[in-house]
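[1] With the input below, show me the fold.
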Amino acid sequence: MGELTVKDVGEFGLIRRIMHDFIYRPELVKVGPGDDGAVYAAPPGFDQVISTDTMVEGIHFTKETMGPSDVGYHLGASNFSDMAAMGAEASGFVLSIALPDDLPLSWVESFYGGLRSCCRKYRVNLLGGDVTGSPGGVIVTGTVIGMVPSGKAVTRSGAREGDVVFVTETIGDSAAGLYALLHGRASDFPGLVRRHRRPEPQIRAGILLRDHGAHALNDISDGLSRELNEIAAASEVEIEIDPSKIPISGEARRLAEEVHVNPLDWAFNGGEDYELVGSLSPADFDTIREECAVRAIGRVVRKPGRGVYIRKGKERAILEVHGFDHFEK
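    Model (predicted):
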């Protein structure tokens, strides 16, 4: 007998198999998974934040680049990163999943195992969702709810003239990891592959940045060039970036040297790092460096203004957007 598939167990049999180990913060849940809707609570003095993200087989992942457990973990991390970019804490998650009927049951169970691992790590309740069929590949959509102290959410629109522009950790590792996977170099660069398959949302950094007065925040999901331009547009400011200050990991530099690629291309245009980019006053930046791995990469030089520029000595050039666009040919 062959391996069990989704069709073999049916919709409700599948649900029975995956309905376990969902709640990690019970104090926030009044009615959990299994009803027509979940009922959750937000503590007094907090605003609620909501966001959603979708992963489509063949666009965001393939069987060659991610195992099912990685897909589950990645979906949770990408959603939780949106909360980090608001200075919020993720607290609840719902999932809609569309599956081909010939998909092995083991794939689905492994996917949920990866998602649970991410939810458990960041103490996010998995509140339920929906399961349906797909005529093609796997499609998974997660919706995350979070909470932030009332009036303290950090947006893209608050950057001010004179601010330091910063990023967290290193940029471009995920795109470098994807390159390694697609070109048979995965075993040589395991750290980059891990950063692509299982990114870590910067929730602690987002909360610290919020509490230290960050004026603007964005998460790096579609490439640093796109996220910087989103901040500039929303804040109506002009930003100058020093490309020599953008932190590139040692592994990414080594791979780039071997394959004759500029690692800044991965940083500016790759995406899926799920690090944070934003702006702070110089005084607040100096303070937070003692608590958080933030790196200054530029300045907000003018408000009102619009656009992002690369500064090299006395010369500068516009930083065009080349990050990921689903509808760009």
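[2] I figured V9 was touching R17, is that so?
    Yes - V9 is within contact range of R17, at 6.8 Å (criterion: CB atoms under 8 Å). Quick note: C-beta positions are derived from backbone N, CA and C, even for glycine.
[3] intersection of neighbour lists for those two?
    L105 (CB atoms under 8 Å, 6 or more residues apart in numbering).
[4] outside of the worst-scoring helix or strand of the chain on mean pLDDT, which residues touch it?
    The weakest-scoring helix or strand in the chain, judged by mean pLDDT, DSSP states H and E, is helix 6-18 (a mean of 80). Applying CB under 8 Å, 6+ apart, the contact partners of helix 6-18 are L99, P100, D101, D102, L103, P104, L105, V108, E109, Y112, V131.
[5] mind listing what's buried in stretch 31-43?
    By neighbour count on 16 or more other CB atoms under 10 Å, the buried set for stretch 31-43 is G32, P33, A38, Y40, A42.
[6] distance between the ends of stretch 299-315?
    Start-to-end span of stretch 299-315 (CA to CA, to the nearest Å) is 15 Å.
[7] Who are the contact partners of the closest residue to G128 other than its chain neighbours?
    The shortest distance from G128 to any non-neighbouring residue, by CB to CB, 6 or more residues apart in numbering, is to P33 (3.8 Å). The contact partners of P33, by CB under 8 Å, 6+ apart, come to M19, F22, L126, L127, G128.
[8] Any quick PyMOL command for the buried ones out of the residues you listed?
    To isolate the buried ones among those in PyMOL, judged by 16+ other CB under 10 Å, type:
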select buried, resi 22+126+127+128
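[9] Please name every helix or strand in contact with whichever helix or strand A77 is part of.
    Using DSSP states H and E, A77 falls within helix 68-84. With contacts taken as 3 or more CB pairs under 8 Å, 6 or more residues apart in numbering; DSSP states H and E, helix 68-84 sits against strand 46-56, strand 89-99, helix 105-122, strand 139-149, helix 190-197, helix 203-211, strand 216-219.
[10] For the first one, which outside residues touch it?
    Contacts of strand 46-56 with the rest of the structure, by CB under 8 Å, 6+ apart, involve 42, 60-61, 71, 74-75, 78-79, 82-83, 86, 88, 137-153.
[11] Show me what it pairs with in its sheet, parallel or antiparallel.
    strand 139-149 (antiparallel) (DSSP bridges).
[12] Output the contacting helices and strands for the very next helix or strand once past the partner strand.
    Downstream of strand 139-149, the next assigned helix or strand under DSSP H and E is strand 164-168. Where contact means 3+ CB pairs under 8 Å, 6+ apart, strand 164-168 is packed against strand 276-280, helix 282-288, strand 294-302.
[13] So which of the contacts of P33 is the closest to T65?
    Distances from T65 to these, taken as CB to CB, are shortest for L126 (24.5 Å).
[14] now that closest one: how far from G72?
    Distance from L126 to G72, counting by CB to CB, to the nearest Å: 11 Å.
[15] Could you pull out the residues contacting both of these two?
    What both L126 and G72 touch, as defined by CB under 8 Å, 6+ apart, is the set L115, R116.
[16] gap between F93 and G72?
    Counting by CB to CB - F93 and G72 are separated by 11 Å.
[17] Give me the more crowded residue out of those two.
    A direct count of neighbours by other CB atoms under 10 Å for F93 and G72 places G72 higher, at 29 against 25.
[18] Poorly predicted segments of the stretch 51-200 of the chain, please.
    The stretch 51-200 of the chain contains no residues with pLDDT under 70.
[19] re earlier: filter the contacts of helix 6-18 down to the buried ones, ChimeraX style.
    Typed into ChimeraX, the line below selects the buried ones among the contacts of helix 6-18, using 16+ other CB under 10 Å:
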select :99,100,103,105,108,109,112,131
